[in-house]
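Novice: Structure, please.
(chains A, B, C, D, E and F)
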Amino acid sequence: MFEKPVLIREDGLRHDGRRPDELRPIKMEVGVLYNADGSAYVEYGGTKVLAAVYGPREVHPRHLALPDRALIRCRYHMAPFSTSDRKSPAPSRREIELSKVIREALESLVFTDLYPRTTIDVFIEVLQADGGTRTAGLTAASLALADAGVPMRDLVAGVAVGKVGGVLVLDIDEVEDEFGEADMPIGYAASIDEIVLLQLNGVLTREEFIEGIRLAKKGAETIYKMMKETLHRKYLKVLEEV
Amino acid sequence: MFEKPVLIREDGLRHDGRRPDELRPIKMEVGVLYNADGSAYVEYGGTKVLAAVYGPREVHPRHLALPDRALIRCRYHMAPFSTSDRKSPAPSRREIELSKVIREALESLVFTDLYPRTTIDVFIEVLQADGGTRTAGLTAASLALADAGVPMRDLVAGVAVGKVGGVLVLDIDEVEDEFGEADMPIGYAASIDEIVLLQLNGVLTREEFIEGIRLAKKGAETIYKMMKETLHRKYLKVLEEV
Amino acid sequence: MFEKPVLIREDGLRHDGRRPDELRPIKMEVGVLYNADGSAYVEYGGTKVLAAVYGPREVHPRHLALPDRALIRCRYHMAPFSTSDRKSPAPSRREIELSKVIREALESLVFTDLYPRTTIDVFIEVLQADGGTRTAGLTAASLALADAGVPMRDLVAGVAVGKVGGVLVLDIDEVEDEFGEADMPIGYAASIDEIVLLQLNGVLTREEFIEGIRLAKKGAETIYKMMKETLHRKYLKVLEEV
Amino acid sequence: MSITPTKQPVIPRIKKETIRKLLRRGERIDGRRFEEYRPIKAYINVVPKAEGSALVRLGNTIVMTGVKLEVGTPFPDRPGEGVLQVNAEFVPLASPTFEPGPPDEFAIEAARVVDRCLREPKAVKLDELVIIPGKKVWLVFNDIYLLDHDGNIIDAGMMSSMLALNNARIPSIVSIEGDNIVIDKKVKEKPLGINVNVVAVTIGLIDEYILVDPTLEEELVLDSKITIGIDENNRVVGIQKTGMRGIKPSTLENIVDIALKKGVELHRVLGEVLNNPQQYSKTLAEIMK
Amino acid sequence: MSITPTKQPVIPRIKKETIRKLLRRGERIDGRRFEEYRPIKAYINVVPKAEGSALVRLGNTIVMTGVKLEVGTPFPDRPGEGVLQVNAEFVPLASPTFEPGPPDEFAIEAARVVDRCLREPKAVKLDELVIIPGKKVWLVFNDIYLLDHDGNIIDAGMMSSMLALNNARIPSIVSIEGDNIVIDKKVKEKPLGINVNVVAVTIGLIDEYILVDPTLEEELVLDSKITIGIDENNRVVGIQKTGMRGIKPSTLENIVDIALKKGVELHRVLGEVLNNPQQYSKTLAEIMK
Amino acid sequence: MSITPTKQPVIPRIKKETIRKLLRRGERIDGRRFEEYRPIKAYINVVPKAEGSALVRLGNTIVMTGVKLEVGTPFPDRPGEGVLQVNAEFVPLASPTFEPGPPDEFAIEAARVVDRCLREPKAVKLDELVIIPGKKVWLVFNDIYLLDHDGNIIDAGMMSSMLALNNARIPSIVSIEGDNIVIDKKVKEKPLGINVNVVAVTIGLIDEYILVDPTLEEELVLDSKITIGIDENNRVVGIQKTGMRGIKPSTLENIVDIALKKGVELHRVLGEVLNNPQQYSKTLAEIMK
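Specialist: Here you go, the predicted model:
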């Protein structure tokens, strides 16, 4: 319908003025909700995401509980007003798939065997979508788990690498996702050096894929540092209040 | 589509010839169904409603049962042929809401603590809709509960007050509902002087609201008397048969 | 949309060259799936059906189990690509009805009292539909049950009789079903001489009905013989392999 | 997925034995003869706001049918015909074993059997229901509503449907502009055209006994059941065998002859109502008394 | 089917007694006066990608509303009006008792009460939303999104809806060819027209006490609750009584007077935000700090 | 909501240990080498009534794909393209752990991964599927039907889809009058245009071992799994990591190289079938023997 915008300008910068390896402005906050056991707000540019954690808590119905570990239940959901065209509140196939890959990413990090017969519930709400909602959601979920005091092997930072106008770029936004050639979201747990989420929508050569992973790791490490600082800040604040 | 009819005629009467404070012809009958533990048929003019009560009976699945009282389960439902345009048999948002307010009205009257771990099920079927279906349904449900021998603090009579052509009127029909300014259904338990259902769709001044409540009470008291007579008649009939 | 084809040609043969009492080429094979406890593939001309049996096995949730017999659970389902216009994969009203009549047909034959508190699950998938899918499905289900070693009073062979161009014909295909006057599917257990499935869509006189049953029985007996041979062949093969 | 029913009311073993013992003596538990219908009461125009309606009492079984007419689009492969849709709701008001929710396999089966018995003999003149050929036709919704369940729902549903369809009047078309059709449901014009009337006769089988019009109590102990649709010309227009036992082919002939005989009886009931519409037009308040 | 709620958080008997004992002394458990609202913080334009948005904090309760505008077809009986659709989602993030799934009866009720309070006094100028009369109009989706539940969802949802609707801008129409309408959501033109502002005041009843703006803890012990919609002209524009006890007619007069008084207060809060839109336009990152 | 699976078949601890012990010795439980696919048998045109079809056996796993073509409307933002819809059904016939019902998260994921691997490299010539620009196009339904599940569904589903799409023929258009299009499915005309062929290679990870084409038994003990879509030009056209463990970035390079190598192998299988369509056109009866 609309014309394809210039994704890489003549000066090598991106449509919004970023360098290829530059993240959008990122904001994060933990402990933002009253009811949840843990919560976090995360913003990657125009993408705004809230995550809440309830649990470990009892499973209903009980026969679903596992005798040797906690269940993880995870829902990635978009608010109807978060997208350009209103999104029906019923879960789409895309939301069902993303809930699964985010759950699996978190399963690889949470010490679920510490809480047999319980469930740890992770709810992610995308309030405004501008590209990278699953990766921002994963970051928020990880922070909310930490805020809830759920023991984990590591934090995970999510970030997407894209290929736009032939160039590999970090942390793509919606325009770059729509008009670019590839979108590769990853979730990276920096301290233990593990990729816990990895998808690719798009076409890459072998070399581009490997370079993309390198770029994503670099971006994730920056976000990971911010996450640590955010939790540290909260921890200090709590200490001060005590 | 169609032109708005004259709701208040020059002689002060309503489009169907009633005075503002006049009820439609009301008919009621209890014990009309074979299977149900209690049942009632109620007619307010063109509005024709059937109610059935099953219970107190076992709850399935059992874990839903309450240890200290009976559950009340209530469904207000319109037959597909009851409305001018065919109604889809799937429950609409309106039906879900009305089931809730009718259930809550009945909860305030039934001695549920006499029947712990059971459920009392109330099913209301609107067979023909011509305005006031929820209030006729509430009246029918109350009669069906009495017919089932469920102990209650009081009976409840439902009736709607409307504002049409600037005038407060009793027991509005569909035309008055559609073209009028306000529809205020109430459920009134006359002996204990309690309003157990109250909604307002429309715009009223403070004074109109208070006058409306007065008018509704008056109408409900008339219906309440008919309900007593209907049950009495049934009781006598049963006695005679014995 | 399209013109009605000639169903009975001048030489008395049918649109595909068959005699009125002639079956389509029928193929059948048992033990065709790896996972299922029993399975069968059945072809009546262009109609191609797969059936699988799991069980007797535990019932979930357990409270559905019957203390004195096995449950039978049966699903007749059409693949989305099996029909001329793509079929939505959600079960249609037709599929729900046919699942029921096929289940009831099987209930009359399986010794369910041998396996209390269990379920025997029968799954029928229509892979290509060209008339007679329920009867081919019933035949396949019967073979799959035998292949699973489920004890039965008898096998059942399904076949449809139709009335086309005024003539009673055996084993109608889709064209004859669509443009003919009647379709009467039956399931016949030949050794015990019982009709376990019987439906009629269409108009028949008393005499045609009785003649139709006779014709169906004749066709079913032929198919029944093939079923026995197929199982025998499999049995010998297994013996040889041992 | 169809599952062996587990929630049906339990008939104590002793009751089953009683029913059987009586049958051996040639008696039914409610005193009827084997081939006798329960008393049938039929009324039409019971909810006048619907385009057509009827209520049938078959013993304690009560079934209502309402017919609604709406403007819609024809099936692409039937541009010259209106659309008939038969639906059945077994609302929880009608039986202690019914739950709220979408129609289960029993309700769907009942609707589809009635549908076939109407569709196959072309009971409704669908070709008279075209407004703009290929684009706009009348949709006929025949909603069967079970109010009290004491067995043999289909025969009562078939009769109430047939009466409601006969009772139906087509709303007035106020204007047609392009594809935009304005109708006025308050003004009803000519009746829905009926080609042929149909009844359904349901017969229960237990041991060697053949029982016409089984009650719910009987249904719960039957070996199997067979419903046969019969039009006013004595043709068989639909069959559905149900239940968890087989039937000997040799008894089928017997069954169809009984059904045809009872069909004549039901057509007489139907005719009585249709020929005396005013006498059988009753309000629900009168019927429920 | 509506069922007596069984999954609500259990308030220990002793807590109930504490709440009641305090009330007898004229105190509420959080220290407020009976007729006092919790602190209200309201922000607009919190998700600028939506056509309109707002977030309201009422004590610990947080409700967001997003308004989206789409091109669609009008209701056949309202060819000259746009369509307003109010929806409420109680997402599981907001409370330990919420489960994922379609809106339950509480969410549906909340949405319908807000809907009526907007619809009845014609709060939104729907007649300005026609693009091609009878064919294409703006659909206004008002999605209420509960983020944190500490009671009195409806008052917060009503206020966030009213603010989001005031905040909404209609997207630019790029071209109209026949029925084919191209819009550009990135360019927002004139604001959505508002005829009149509405607030909702919810009052809880327990024993003889009347509590304005109940918290969740209070809601769980209330006898009943009543929500009254009030427009800027002090008219009552909607009422919903909920809860499992009746109300004496004589106390209703008292309740409506309190509601009207508190309505003025809420309209003042609303007016403050609407009159100083820039001051109250905050990003979520600022709000969540 | 995605939930930790609890209904998967339980692999006894001792079996897990056996699998691991063998791996340490460089062996797989079914005797294959780590980078070896199970035997692949592929057939096309297996249900000729569909516009295209194929069946792939990968060891004991059987996946069928049927392609149907229907006339429909394009997406508003893609007026010049047909529509491709990929769906996967894991019918209960295929595994003791599958239940009837709408696709669960595993089936949805499988369909979406295949969809992306087809969509991103523009495998299907969607621009050739326009009938009336902006109004009527061909809808291509690619239905993946799992018949027997012994692991690695996606690779088999991808191959059967690619073969079925290559096998698909577009039905004849009989007439176009305005927006009314009459087609004749019995007459098939030119083939569906394919730009590029794609295969999927799935690799399992357990401890430090990398296993190509895992069986179900292996899948149940794997740490994680990664599926890589590869087109005939050796480009990576889609990736999906699944499973409940992370992967070291350093091993990813190794994995992608193995995948590219195996991709060449699978493209050879695909090419063999596509180049000898008559030889690989088999009836289901022949295949099921």
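Novice: Contact partners for the closest residue to chain B within the stretch 51-200 of chain D?
Specialist: Here the stretch 51-200 of chain D gets closest to chain B at one residue, D:Gly66, 2.4 Å apart by CB to the nearest CB. For the C-beta atoms, the positions are set from N, CA and C on the backbone; glycine is no exception. Shown in contact with D:Gly66 (CB atoms under 8 Å, 6 or more residues apart in numbering or on different chains): B:79-82, D:47, D:50, D:52-53, D:143, D:145, D:164.
Novice: List, out of these, those positioned next to chain C.
Specialist: When contact is defined as CB under 8 Å from any CB of the partner chain, the contacts of D:Gly66 do not meet chain C at all.
Novice: any idea whether the residue of the stretch 51-200 of chain D closest to chain B is helix, strand or coil?
Specialist: Under DSSP: H, G, I helix; E, B strand; the rest coil, D:Gly66 falls in the strand class.
Novice: Excluding chain neighbours, give the residue nearest to it in space.
Specialist: With CB to CB, 6 or more residues apart in numbering or on different chains as the criterion, D:Gly66 has its nearest non-adjacent residue at 2.4 Å, and that residue is B:Phe81.
Novice: pLDDT score for the one you found?
Specialist: B:Phe81 is assigned 98 on the pLDDT scale.
Novice: For chain F, tell me whether the biggest helix by length in chain A is touching it.
Specialist: As assigned by DSSP state H, the longest helix anywhere in chain A is helix A:206-241. Yes. Interface with chain F: helix A:206-241 contributes A:206, A:209-210, A:213, A:217 (CB under 8 Å from any CB).
Novice: low-scoring pLDDT stretches of the chain, where are they?
Specialist: Using chain A. Across chain A, the ranges flagged by pLDDT under 70 are A:1-2, A:241-242.
Novice: wrong one, chain D
Specialist: For chain D, the stretches flagged by pLDDT under 70 are D:9-10.
Novice: for the residue of chain D found nearest chain E, what are its contacts?
Specialist: Distances between chain D and chain E by CB to the nearest CB are smallest at D:Pro100, namely 4.8 Å. The contact partners of D:Pro100, by CB under 8 Å, 6+ apart, come to B:75, B:77, B:91, B:123, D:91-92, E:1.
Novice: got it, and D:Val130?
Specialist: D:74, D:80-82, D:136-138.
Novice: can the helix or strand where D:Glu109 lies be found next to chain B?
Specialist: Assigned by DSSP states H and E, D:Glu109 belongs to helix D:105-119. No. Helix D:105-119 lies out of reach of chain B by CB under 8 Å from any CB, never closer than 10.2 Å.
Novice: Going along the chain, name the strands of chain D.
Specialist: In chain D, the strands defined using DSSP state E lie at D:2-3, D:40-44, D:52-58, D:61-72, D:83-90, D:130-132, D:136-148, D:169-177, D:180-191, D:198-206, D:209-212, D:224-231, D:236-242.
Novice: what packs against the longest one?
Specialist: In terms of contacts (3 or more CB pairs under 8 Å, 6 or more residues apart in numbering or on different chains; DSSP states H and E), strand D:136-148 is packed against strand B:118-128, strand D:61-72, strand D:83-90, helix D:105-119, strand D:130-132, helix D:153-167.
Novice: what's the answer for the fifth one, then?
Specialist: Applying 3+ CB pairs under 8 Å, 6+ apart, one finds that strand D:83-90 contacts helix D:105-119, strand D:136-148, helix D:153-167.
Novice: Just checking: what are the partner strands of that strand?
Specialist: strand D:136-148 (parallel) (DSSP bridges).
Novice: gap between the strand it pairs with and the chain center?
Specialist: From the chain centre to the centre of strand D:136-148 is a distance of 11 Å (CA atoms, centre = their mean, to the nearest Å).
Novice: CA atoms only for it - export them in PDB, please.
Specialist: Only the C-alpha atoms of strand D:136-148 are listed here, as PDB (Å, rounded to 0.1, in the frame of the first residue of the first chain):
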ATOM      1  CA  LYS D 136     -31.000 -12.500  -2.100                       C
ATOM      2  CA  VAL D 137     -33.300 -15.200  -0.800                       C
ATOM      3  CA  TRP D 138     -35.300 -15.900   2.300                       C
ATOM      4  CA  LEU D 139     -33.500 -17.900   4.900                       C
ATOM      5  CA  VAL D 140     -35.900 -20.200   6.900                       C
ATOM      6  CA  PHE D 141     -34.700 -20.900  10.400                       C
ATOM      7  CA  ASN D 142     -36.600 -23.800  11.900                       C
ATOM      8  CA  ASP D 143     -35.600 -23.800  15.600                       C
ATOM      9  CA  ILE D 144     -36.700 -26.900  17.600                       C
ATOM     10  CA  TYR D 145     -36.800 -26.100  21.300                       C
ATOM     11  CA  LEU D 146     -37.200 -28.900  23.700                       C
ATOM     12  CA  LEU D 147     -39.000 -27.800  26.800                       C
ATOM     13  CA  ASP D 148     -39.600 -31.000  28.700                       C
END
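Novice: one step back: turn the residues of helix A:206-241 next to chain F into JSON lines, columns for neighbour count.
Specialist: Shown next, in JSON lines, are the residues of helix A:206-241 next to chain F (neighbours: other CB atoms under 10 Å in any protein chain shown):
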{"residue": "A:Arg206", "neighbour count": "16"}
{"residue": "A:Phe209", "neighbour count": "24"}
{"residue": "A:Ile210", "neighbour count": "16"}
{"residue": "A:Ile213", "neighbour count": "21"}
{"residue": "A:Lys217", "neighbour count": "19"}
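Novice: what's the most distant pair in those?
Specialist: A:Arg206 and A:Lys217 (17.3 Å; CB to CB).
Novice: For residue 198, give me its contacts.
Specialist: Let's take chain A. Neighbour list for A:Leu198: A:184-187, F:226, F:239-241, F:247, F:252 [criterion: CB under 8 Å, 6+ apart].
Novice: wrong chain, I was asking about chain D
Specialist: Here D:Val198 is in contact with D:117-118, D:121, D:123, D:158, D:162, D:229-232, D:237 (CB under 8 Å, 6+ apart).
Novice: So which of those is the closest to C:Pro151?
Specialist: D:Gly229 (36.4 Å).
Novice: filter the contacts of D:Val198 to the buried ones?
Specialist: Those of the contacts of D:Val198 that meet the buried threshold are D:117-118, D:121, D:123, D:158, D:162, D:229-232, D:237, by 16 or more other CB atoms under 10 Å in any protein chain shown.
Novice: picking that back up, winner for burial among the helices and strands packed on strand D:136-148?
Specialist: When you average the neighbours per residue for each of the helices and strands packed on strand D:136-148 (mean count of other CB atoms under 10 Å in any protein chain shown), helix D:153-167 leads with a mean of 28.
Novice: Any of the contacts of D:Gly66 buried? List them.
Specialist: By 16+ other CB under 10 Å, the contacts of D:Gly66 give B:79-82, D:47, D:50, D:52-53, D:143, D:145, D:164 as buried.
Novice: how about a markdown table for those residues, with distance to B:Glu95 added?
Specialist: Below are these laid out as a markdown table (distance: CB to CB, whole Å):
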| residue | distance to B:Glu95 |
| --- | --- |
| B:Ala79 | 12 |
| B:Pro80 | 12 |
| B:Phe81 | 15 |
| B:Ser82 | 11 |
| D:Val47 | 18 |
| D:Ala50 | 19 |
| D:Gly52 | 24 |
| D:Ser53 | 21 |
| D:Asp143 | 16 |
| D:Tyr145 | 16 |
| D:Ala164 | 23 |
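Novice: now, which of those residues sits nearest chain C?
Specialist: When the buried ones among the contacts of D:Gly66 are compared for distance to chain C (CB to the nearest CB), D:Asp143 wins out at 14.5 Å.
Novice: Any idea what that closest one is bridged to?
Specialist: In this entry, D:Asp143 is beta-bridged to D:Gly66, D:Asn87, by DSSP bridges.
Novice: show me what contacts D:Gly134?
Specialist: D:74, D:79-80, F:180.
Novice: how much space between it and F:Asn142?
Specialist: 31 Å (CB to CB, to the nearest Å).
Novice: What of D:Asp223?
Specialist: Counting by CB to CB, the gap from D:Asp223 to F:Asn142 is 47 Å.
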